[in-house]
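K.L.:
next comes the sequence, and after it the predicted model I'd like to discuss.
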Amino acid sequence: MQKKFDNNTLFPLSLVYQDTKSTESELPAHFHDRYEIIYVYDGEGIFFIDNVFHNIKKGDLIIIPGNTIHHTIHDKDNPVTCTVIFFNHLLIHNNSLGESFSYHQLFEKSQKAKYYKYSMQFNQQKVLESHFEDMNRESTDAEFGFKHAILLQLHMVLHYLNRMVFPYKCEFASPNWGPLWMKDILSYIENNFTNGLSLVELANKANVSTAHFSRVFKQMIGLNVSDYIVQKKIIMAKELLLHTDENISVIAERSGFQSMPHFHHTFKKHLGSTPGDYRKNRILILET
């Protein structure tokens, strides 16, 4: 599942301010082109991103690069209240000014380290909460130039996080949650999703029945395993379409699709365009 945004807008940024989530309203595992910042004010839950589960609580910050599969499981008795910012990375201006600084470093380093959750200290929480409050006020009042003010606040948030977060070593920890075989299965899928994995093969590797495997996987990820694998293939195809000059038929094969008709049908179903149109349109956007 790819989360849908209005891609025709001249201001590709969305702010969801202090929203209390529920199990019913949460999307299953999904991905999207936009970068995402989640800040937790209260509540508890489990956050799944890039094959790893993280406990989340008050003061936690989640950084999600584009095209990264993620999913949240909220505590039923203490659901998460959070602010979420979605934005197109092209909105962020990166003039180096003779320094190695980049506003995108926050996302690039998180993706490279495969670590996406940061626990903010009390003073850091207050700084972020103040910025988010200002962004929400600008959005609500909608006075002249409010979009520029929101974008300026976003640059300030990214500048602050790049300065404050990365000088410190991150403690990587995965919560003791779910069956022991899930971590190995997710790693196995990551390394083999282009090879035609079957439910029977995965259940045998986990040493459980296919029915039990399907039920637990859907409960934890929010998708059945075949849909999850399709998402992995689509994301790989998107990256190859944008960053290589390879023929589309080669990309289809490399991404694990068994035929060109199946690739075209699946790609258009998920993204709303054919692989060729997607490559053409995205390159035009990047060059604009």
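P.N.:
Arrived safely, thanks for sending.

K.L.:
quick check: mean pLDDT of stretch 101-113?
P.N.:
For stretch 101-113, mean pLDDT rounds to 88.

K.L.:
list the buried residues in it.
P.N.:
Burial within stretch 101-113, assessed by neighbour count using 16 or more other Cβ atoms under 10 Å, is assigned to 102-103, 105-107, 109-111. Backbone N, C-alpha and C define where each C-beta goes, glycine included.

K.L.:
need those residues in JSON lines (columns: distance to residue 240 and secondary structure).
P.N.:
As requested, those are exported to JSON lines (distance: Cβ to Cβ, whole Å; DSSP: H, G, I helix; E, B strand; the rest coil):
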{"residue": "102", "distance to residue 240": "24", "secondary structure": "coil"}
{"residue": "103", "distance to residue 240": "26", "secondary structure": "coil"}
{"residue": "105", "distance to residue 240": "24", "secondary structure": "helix"}
{"residue": "106", "distance to residue 240": "25", "secondary structure": "helix"}
{"residue": "107", "distance to residue 240": "20", "secondary structure": "helix"}
{"residue": "109", "distance to residue 240": "23", "secondary structure": "helix"}
{"residue": "110", "distance to residue 240": "22", "secondary structure": "helix"}
{"residue": "111", "distance to residue 240": "17", "secondary structure": "helix"}
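
K.L.:
farthest-apart pair in those residues, please.
P.N.:
Farthest-apart pair in these is 103 and 111; separation 14.7 Å (Cβ to Cβ).

K.L.:
what about the helices in the stretch 101-250 of the chain?
P.N.:
Applying DSSP state H, counting those that start in this stretch to the stretch 101-250 of the chain gives helices spanning 105-113, 122-141, 146-164, 181-192, 199-206, 210-221, 225-243, 248-254.

K.L.:
of the ones you listed, which is nearest residue 269?
P.N.:
Among these, helix 225-243 sits nearest to residue 269 (Cβ to Cβ), with 9.3 Å.

K.L.:
buried ones in the closest one, by neighbour count?
P.N.:
225, 228-238, 240-241.

K.L.:
report how many residues lie close to the closest residue in space to residue 181 that isn't next to it in sequence.
P.N.:
Excluding the flanking residues, the one nearest residue 181 by Cβ to Cβ, 6 or more residues apart in numbering is residue 206, at 4.1 Å. When neighbours are counted by other Cβ atoms under 10 Å, residue 206 registers 20.

K.L.:
can you mark which positions in stretch 42-53 are buried?
P.N.:
43-53.

K.L.:
going by distance to residue 281, which of the buried residues of helix 225-243 wins?
P.N.:
Within those, the smallest distance to residue 281 is 10.4 Å, found for residue 241 (Cβ to Cβ).

K.L.:
hmm, the closest one is touching residue 279, no?
P.N.:
Yes: look at residue 241 against residue 279 with Cβ atoms under 8 Å: they come within range, at 4.3 Å.

K.L.:
closest to residue 88 out of the helices of the stretch 101-250 of the chain?
P.N.:
Of all the helices of the stretch 101-250 of the chain, helix 146-164 comes closest under Cβ to Cβ, at 11.0 Å.

K.L.:
now the helix or strand hosting residue 261 against helix 225-243, angle please.
P.N.:
Here residue 261 sits within helix 260-271, counting by DSSP states H and E. Between helix 260-271 and helix 225-243, the angle comes out at 90 degrees (axes from the mean of the first three to the mean of the last three Cα atoms, to 10 degrees).

K.L.:
helix 260-271 - contacts with which helices or strands?
P.N.:
The contact analysis (3 or more Cβ pairs under 8 Å, 6 or more residues apart in numbering; DSSP states H and E) places helix 260-271 against helix 225-243, helix 248-254, helix 275-287.

K.L.:
give me the buried positions along the second one.
P.N.:
With burial defined by 16+ other Cβ under 10 Å, the residues of helix 248-254 counted as buried are 248, 251-253.
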